[in-house]
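S.K.: Sharing a sequence plus its predicted fold:
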Amino acid sequence: MSDYSERDLQREVSELEKKSATAASLFDIRRIIGGLFVIYGVIVTIAGITASDADLDKADGVNINLWTGLGMLALGLFFLAWLWLRPLAPPVPPTPTPDDEGPVE
């Protein structure tokens, strides 16, 4: 027979499902995109705040780095807020049906 009881097997499966759900939420694309846009938005916004008059003259007086950085920050915060407000639903385990009991002979 096997060394595992049904209870041990169910516990191991539930632990693996929890690890899988944690990994899925950690690598959610909204977290990655939001985080990158926030980081780059901060960098570009700082570049816009510290722009010289010569840089502004090149862009016809528009501080493009500042506006682009603020837009990137807004988009990144939108993605992170979306992640926070609508987290991933935990995976629903399939329910066994009477047809799934074993191999057909």
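M.R.: Perfect, thanks for sending it.
S.K.: which residues in the protein form strands?
M.R.: Counting by DSSP state E, one finds no strands in the chain.
S.K.: Would you map the helices across it?
M.R.: 6-26, 29-49, 53-58, 64-85 (DSSP state H).
S.K.: looking at these, which has the lowest confidence?
M.R.: Of all those, mean pLDDT reaches its minimum on helix 6-26 (a mean of 70).
S.K.: Check the gap between Leu85 and Gly34 for me.
M.R.: 12 Å (Cβ to Cβ, to the nearest Å). In short, each C-beta sits where N, CA and C put it, glycine included.
S.K.: neighbour count winner among those two?
M.R.: Legend: neighbour count by other Cβ atoms under 10 Å for Leu85 and Gly34, higher for Gly34 (21 against 7).
S.K.: residues in contact with the more buried one?
M.R.: Counting by Cβ atoms under 8 Å, 6 or more residues apart in numbering, Gly34 touches 76-80, 82-83.
S.K.: how about a markdown table for those, with neighbour count and distance to Glu6 added?
M.R.: Below are the contacts of Gly34 laid out as a markdown table (neighbours: other Cβ atoms under 10 Å; distance: Cβ to Cβ, whole Å):
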| residue | neighbour count | distance to Glu6 |
| --- | --- | --- |
| Gly76 | 20 | 47 |
| Leu77 | 14 | 47 |
| Phe78 | 14 | 46 |
| Phe79 | 20 | 43 |
| Leu80 | 17 | 42 |
| Trp82 | 15 | 40 |
| Leu83 | 19 | 37 |
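S.K.: quick one: which of those residues is nearest Ser5?
M.R.: Nearest to Ser5, judged by Cβ to Cβ, of these is Leu83 at 39.1 Å.
S.K.: was I right about that closest one contacting Phe27?
M.R.: No: here Leu83 lies out of contact with Phe27, judged by Cβ atoms under 8 Å, at a distance of 11.8 Å.
S.K.: related to what we said a few turns ago, can you tell me which of the contacts of Gly34 is nearest Ala59?
M.R.: Using Cβ to Cβ, Gly76 is the member of the contacts of Gly34 that lies nearest Ala59, at 23.1 Å.
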